[in-house]
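> sequence first, predicted coordinates after that:
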Amino acid sequence: MSNPLTLHLEHHPLLILDGALATELEQRGCDLRDPLWSAKVLLENPVLIAEVHRDYLFAGADCLITASYQATVAGFMQRGLTPEAAREMLQRSVQLAVEARDTFWRDEANHPGRLRPLVAASIGPYGAFLANGSEYRGDYSLSTAELMDFHRPRLAALLEAGPDLLACETLPSLTEALALARLLTEFPSASAWISFSAYDDAHISHGERLADCAAELDAIPQVVAMGVNCTAPRHIPALIAAARTATGKPIVVYPNSGETYDAERRAWCGPATVDAFAQEARRWYDAGARLIGGCCRTTPAHIGQIAAWARRLQT
Ligand SMILES: [Zn+2]
């Protein structure tokens, strides 16, 4: 296994990730109220996904995350696809990001100050496939072996399409992270970052301490970074510090925008701004994070504002 992050982290102070895909797709008129969520657009309107990838590259992202978070063989089969067609749809998510990256990189005008961007194939938790809210609780009673069986076909299909690495993200529990880490050993040339959702300054969604998760993952060579995503920005500094007590691996953070969801009004509420997010991101860098981007409700503007300070660091 060669570590796909090494080149970037040797030459640049941090690797800038992209932001939300769903938010941008909704801006373009996609209705994502569907169990497949943004993966629905893979079926219906893949060109829009390519457009969002391109926007993030021009905003400054060094790494694209594919539209496969909620896409699974089982989910597509429930939609009437054959297993083979479902696998092709997963691979399309990687192809769209790879093509966007290659097109961007073919133009040498995009090279100054940059390295060839990476493509990370998204692996969401089992709960994202259930689409019943359990993705933020992790309270499904599957064994490690059952979780491995669930994740195996998607992981195999995505890897065949040639991403630079896997983004195992928004994981609610240590059990699911370790199931994915164990599954990785069946694909010895693959590497992944492992990222949890967290609900306070110290604990991931299912309740384990992030520091304990970091200690477990620290021993696994195919895990090339670990951290948190899909979490409120205010918890990020303490979570970075907690992870760093237990691992020397690069820390990845890509929290939500900082707006909060008001369930009663069924709407996202401020006061978070793009500038505030980018300023906080600078504090995550100072706290030791080395892969930084955005999750829900973040946009190319958020990533552009991170790039604005990050590119100055390296000159
Ligand atoms: Zn999120």
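That came in fine, so what should we check first? Numbers count the residues shown, from 1 in each chain.
> what's around the residue of the stretch 51-200 of the chain found nearest the ion, how many residues?
Closest approach between the stretch 51-200 of the chain and the ion, counting by C-beta to the ion: Thr170, at 6.3 Å. C-beta coordinates here come from the backbone N, C-alpha and C atoms, glycine included. For Thr170, the count of nearby residues is 25 (other C-beta atoms under 10 Å).
> roughly how far does Gly248 sit from Arg182?
21 Å (C-beta to C-beta, to the nearest Å).
> show me which of those two is the more surrounded one.
Arg182 (14 against 8).
> not counting sequence-adjacent ones, nearest residue to the residue of the stretch 51-200 of the chain closest to the ion?
Cys230 (4.5 Å; C-beta to C-beta, 6 or more residues apart in numbering).
> check that neighbour and give its pLDDT.
Listed pLDDT for Cys230 reads 95.
> run a quick neighbour tally on it.
Cys230 has 23 nearby residues by other C-beta under 10 Å.
> now do the residue of the stretch 51-200 of the chain closest to the ion against Tyr126, distance only.
Remark: distance between Thr170 and Tyr126 (C-beta to C-beta) = 11 Å.
> can you list the neighbours in contact with the top helix by length along the chain?
Assignment by DSSP state H gives helix 83-106 as the longest helix of the chain. Contact partners of helix 83-106, identified using C-beta atoms under 8 Å, 6 or more residues apart in numbering, comprise 39, 42-43, 46, 49-50, 53-54, 57-58, 64-68, 71-77, 81, 110-111, 116-119, 121-122, 153-154, 157-158, 160-163.
> restrict those to those near the ion?
By C-beta under 5 Å from the ion, no member of the contacts of helix 83-106 lies near the ion.
> up against the ion, what does the protein have?
Proximity of the chain to the ion, by C-beta under 5 Å from the ion, involves residues Cys230, Cys295, Cys296.
> my read is that the first one contacts Cys296, right?
Yes. With the criterion set as C-beta atoms under 8 Å, Cys230 and Cys296 qualify as a contacting pair; they are 6.2 Å apart.
> shared neighbours, these two?
Common neighbours of Cys230 and Cys296 (C-beta under 8 Å, 6+ apart) are Asn256.
> from memory Ser195 sits against Leu166, does it?
No. Contact criterion C-beta under 8 Å: Ser195 and Leu166 do not qualify, at 10.7 Å.
> am I right that Pro163 is in a strand?
No. Using DSSP: H, G, I helix; E, B strand; the rest coil, the secondary structure at Pro163 is coil, not a strand.
> who's in contact with it?
Thr66, Val94, Ala97, Val98, Val119, Ala120, Ala121.
> ends of stretch 9-26, what's the gap?
End-to-end distance for stretch 9-26: 33 Å, by C-alpha to C-alpha, to the nearest Å.
> same check on stretch 26-43?
End-to-end distance for stretch 26-43: 15 Å, by C-alpha to C-alpha.
> just the buried residues of it, please?
For stretch 26-43, burial by neighbour count (16 or more other C-beta atoms under 10 Å) applies to Cys30, Leu32, Asp34, Leu36, Trp37, Ser38, Ala39, Lys40, Val41, Leu42, Leu43.
> looking at those residues, which is nearest Gln279?
Of all the buried residues of stretch 26-43, Ser38 has the smallest distance to Gln279: 28.0 Å, by C-beta to C-beta.
> follow-up on the earlier one: just list the residues touching the residue nearest to Thr170, thanks.
Cys230 makes contact with Tyr136, Glu169, Thr170, Ser197, Tyr254, Pro255, Asn256, Cys295, Cys296 under the criterion C-beta under 8 Å, 6+ apart.
> can you report how many residues neighbour the last one?
So that's Cys296. By other C-beta under 10 Å, the residues close to Cys296 number 20.
> that one is in what secondary structure piece?
Here Cys296 sits in a region with no helix or strand, counting by DSSP states H and E.
> before we move on, what about the second one?
Take DSSP H and E as the rule and Glu169 turns out to sit in strand 165-171.
> hey, C-alpha coordinates of the next helix-or-strand element following that strand in PDB?
Next helix or strand after strand 165-171 toward the C-terminus (DSSP H and E): helix 174-184. This file holds the C-alpha atoms of helix 174-184, laid out as PDB (Å, rounded to 0.1, in the frame of the first residue of the first chain):
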ATOM      1  CA  LEU A 174     -16.200   2.200  16.800                       C
ATOM      2  CA  THR A 175     -17.700  -1.300  16.000                       C
ATOM      3  CA  GLU A 176     -18.500  -0.100  12.400                       C
ATOM      4  CA  ALA A 177     -15.100   1.600  12.000                       C
ATOM      5  CA  LEU A 178     -13.300  -1.600  13.100                       C
ATOM      6  CA  ALA A 179     -15.400  -3.700  10.800                       C
ATOM      7  CA  LEU A 180     -14.400  -1.400   7.900                       C
ATOM      8  CA  ALA A 181     -10.700  -1.500   9.000                       C
ATOM      9  CA  ARG A 182     -10.800  -5.300   9.100                       C
ATOM     10  CA  LEU A 183     -12.500  -5.400   5.700                       C
ATOM     11  CA  LEU A 184      -9.700  -3.200   4.300                       C
END
